[in-house]
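Undergrad: What follows is a predicted protein model with its sequence.
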Amino acid sequence: MDLNRRNFLKFTVATGTMGAASAVQKVKASTPKPDSGDWAGVLLDTTVCIGCRKCEWACKNINKLPTEPIESYEDKSVFKKMRRPSAGAYTVVNQFENPKSPEKPYYVKYQCMQCIDAACVSACIVGALKKDAKTGAVIYDPWKCIGCRYCMVACPFQIPAYEYDNALTPQVRKSTFCYQRLSKYQGRPACVEICPVQAMTYGKRSELIEIARQKIRTYPDRYVDHIYGEHELGGTAWLYLSGKPMTEMGMKKFGERPIPTYTEPVQHGIFKHFVPQISLFALLGGIMWLFKKRDEVEGKREGGEE
Amino acid sequence: MSGHIQAAPIEKKFFTTGVKILIAIFGIGMAFGLYRFIFSLGSVTHLNDQYPWGLWIGVDVSSGVALAAGGFTTAALIHIFYRDKYAVIGRPAHLTAMLGYTFVAIGLLFDLGRWYNVWHPLLPTMWQGNSVLFEVGMCVMLYLTVLYIEFIPIVTERFIGHSPKWIDAILKFLDRIFNKIMWIFIILGVLLSCLHQSSLGNLMVIAPYKMHPLWYTRVMPLLFLTSAIAVGLPMVMFESIWASWSFKRKPEMDVLSPLSKVAAVIIAIYFFMRIIDLTIREAWGFAFEGSLQSNMFFLEFVVGLVIPLIMLLFEKVRRSPKLLFIASALYILFGVLLNRVNVFFIAYQPQYAEKQYVPAIGEFAVTIGLIAALILLYRIIVSIFPILPAHEKQA
């Protein structure tokens, strides 16, 4: 009896340790990352942008969002305040001082960056946010969405906006990269299409990086030597060329590590083949069994006190 | 389950002044709640694109889960480690957990934009194994089911011999079956609790660039699990003493005093974990920056952790219902509840926020209303079912 018990204890401790060890091991192993391969991108040259905001209008137009007529977008007074994309405007342009030539300010357009390894996709509890396999766009399915807004917590660029004023069918709103246009007739996003100065170039992301590097080499005085979005958080589909650091123009400084790699390895490690769970169950079961036996023995010795 | 102790329904007048006040608070809360469902989240809350999560997630959901940890810690203590002397607190702790988790689920519905889709994570086509929230959701749902299954023996005990013959037969049958297999659910409950209590701490790990360094650490899951285990016992002590006062009984100090020793040990472990984590990450400097975050940190760390821990080290405190109640309350409210609030929306500093999120009146009303409802239900259930120990000797 006693021997059996000791063996059982050994067994439970052993399975427990094994489970814990395998969990730790799995945490170290990195999960395979999506391959950006042929995914699309947009190279935005902020030194070319003239701040006409036609992209804002085109975006609202194509997404059937309420908008004023296009003429009203010539109003420059909006630049007095920093604006952020919202549920009613998936893209906005802000103005920044140009230290090189003050009469020609810089303009920066913001929208969903379409991260290669997107935090929102990893966070979504029901898979309502997904990477479009063809274009790499992060697309949203409102019918799956439960409205938990964890994607908004997760997004490092703070892009997804919410329809807080919709009581029954609120949606997470953000740029769709016009992915339906992209896949259907080899089109371009509406903002790229309308741009009168071609500040944006649409194409294969890998090729755009080459173009950007070429530009930096050719005009070292015009650009800072950094393509924002090339490595930030594992890379984004939108790439920015700029005359002064993007971190001085409304963008945050990020490391190269993709956000999902902070949480996913832990999640997968804890659940690999349910080994840790089964081990813990066995361990607790073993403890329960041992203490019960001990209790019974002691109970007898004390004369079965009830 | 806990066959050794005699529990019995409470026989006390129900509509006391306290109960009437609770009903009023609940009513006000539900008025705001109804308004939210008719006129949208934006009409009742101060949530916005910068702060997608606020009071309801920080308190109703995540603190609710933490404070209901008394269920699994006492279940482990009584049924796995066989500490029979604590059996008397088993049922009240279990009921609190069951109601606590029920209200977590209800509270969540208020916060979900598309609350009617709350069942979606159950569909295999929508499973998303990469999502921390998915794991939390699944484990909480399963654990809630386990908690209800664990309640069955209490129901059978109450109605066997008080029902028509055929119902009696069914109840006896259920009782026999669950007597045999209950150990599976007890272990499962502990396992599921460990899983989601820790994963709850992993939720904000996904926002490394938004979280204040005083709280952001990769070991947040471990800290959440430890603090949840540590809060289980103070929660039981707090409730037990409160229930004794409220039902004009003598507090079960012969059980609670030794229990508070166990609590002190676990809180001490949590305390040292925090110290080690903050030291390794060299985050202490942020504690003195004088910001909202550093003040909240001090409140949490000193009032919620250091003071109750020191209090519990004294025999005198462990023996006095009043002092034990205060120490428990400090750790529960400032050590754990405030920690969850801090993690979920004080430490959360979105770069484009124009001002700090402060919950709206409507958010407070719903949260307090739900707590009132929980207390009311607790009171109703203990007067129907044998939960609290039977008292032959009137104190």
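TA: Arrived safely.
Undergrad: so the residue of the stretch 101-250 of chain A found nearest chain B is in which element?
TA: Using C-beta to the nearest C-beta, the closest approach of the stretch 101-250 of chain A to chain B is made by residue A:147 at 2.4 Å. C-beta here means a position set from N, CA and C on the backbone, and glycine is covered the same way. Taking DSSP states H and E as the definition, residue A:147 sits outside all helices and strands.
Undergrad: before we move on, what about residue B:216?
TA: Counting by DSSP H and E, residue B:216 is part of no helix or strand.
Undergrad: And the strands in the stretch 1-150 of chain A?
TA: A:40-45, A:92-96, A:106-110, A:129-131, A:138-140 (DSSP state E, counting those that start in this stretch).
Undergrad: Who does the third one pair with, and is each partner parallel or antiparallel?
TA: Translated: strand A:106-110. strand A:92-96 (antiparallel) (DSSP bridges).
Undergrad: got a list of contacts for the strand it pairs with?
TA: A:49, A:51, A:53, A:55-56, A:79, A:82-86, A:105-110, A:244, A:248-250 (C-beta atoms under 8 Å, 6 or more residues apart in numbering or on different chains).
Undergrad: how about 6 Å then?
TA: Outside strand A:92-96, the residues within contact range by C-beta atoms under 6 Å, 6 or more residues apart in numbering or on different chains are A:51, A:53, A:79, A:82-83, A:85, A:105-110, A:249-250.
Undergrad: Likewise for stretch B:225-241?
TA: By C-beta under 6 Å, 6+ apart, stretch B:225-241 touches B:66-67, B:69-70, B:73-74, B:89, B:93, B:96, B:197-198, B:251-252, B:256, B:259, B:263, B:266-267, B:270, B:273, B:321, B:324-325, B:328-329, B:331-332, B:336.
Undergrad: taking those residues one by one, which sit in helices?
TA: Mapping those onto helices (DSSP state H) picks out B:66-67, B:70, B:73-74, B:89, B:93, B:96, B:197-198, B:256, B:259, B:263, B:266-267, B:270, B:273, B:321, B:324-325, B:328-329.
Undergrad: Low-confidence ranges, the stretch 101-250 of chain B, go.
TA: Nowhere does the stretch 101-250 of chain B drop to pLDDT under 70.
Undergrad: now with 90?
TA: B:129, B:157, B:160-165, B:167, B:178-180, B:239-240, B:242-244, B:246-250 (pLDDT under 90).
Undergrad: Would you state the helices of it in chain order?
TA: B:132-159, B:165-202, B:220-246 (DSSP state H, counting those that start in this stretch).
Undergrad: next one: the stretch 251-395 of chain B
TA: B:253-280, B:292-298, B:307-312, B:315-319, B:321-330, B:338-341, B:361-384.
Undergrad: closest point of the stretch 201-306 of chain A to chain B, which residue?
TA: Taking C-beta to the nearest C-beta, the stretch 201-306 of chain A has residue A:291 as its residue nearest chain B, at 3.9 Å.
Undergrad: what about that residue, how many residues close to it?
TA: 16 (other C-beta atoms under 10 Å in any protein chain shown).
Undergrad: swap in the one 3 residues further on?
TA: As a burial measure, the neighbour count of residue A:294 was computed by other C-beta under 10 Å and equals 12.
Undergrad: That one: which element?
TA: Using DSSP H and E, residue A:294 falls in helix A:275-301.
Undergrad: what packs against that helix?
TA: If you count contacts as 3 or more C-beta pairs under 6 Å, 6 or more residues apart in numbering or on different chains; DSSP states H and E, helix A:275-301 packs onto helix A:2-28, helix B:165-202.
Undergrad: how about the residues of the stretch 201-306 of chain A that lie near chain B?
TA: When proximity is defined as C-beta under 6 Å from any C-beta of the partner chain, the stretch 201-306 of chain A approaches chain B at A:252, A:262-264, A:266-267, A:280-281, A:284-285, A:287-288, A:291-292, A:295.
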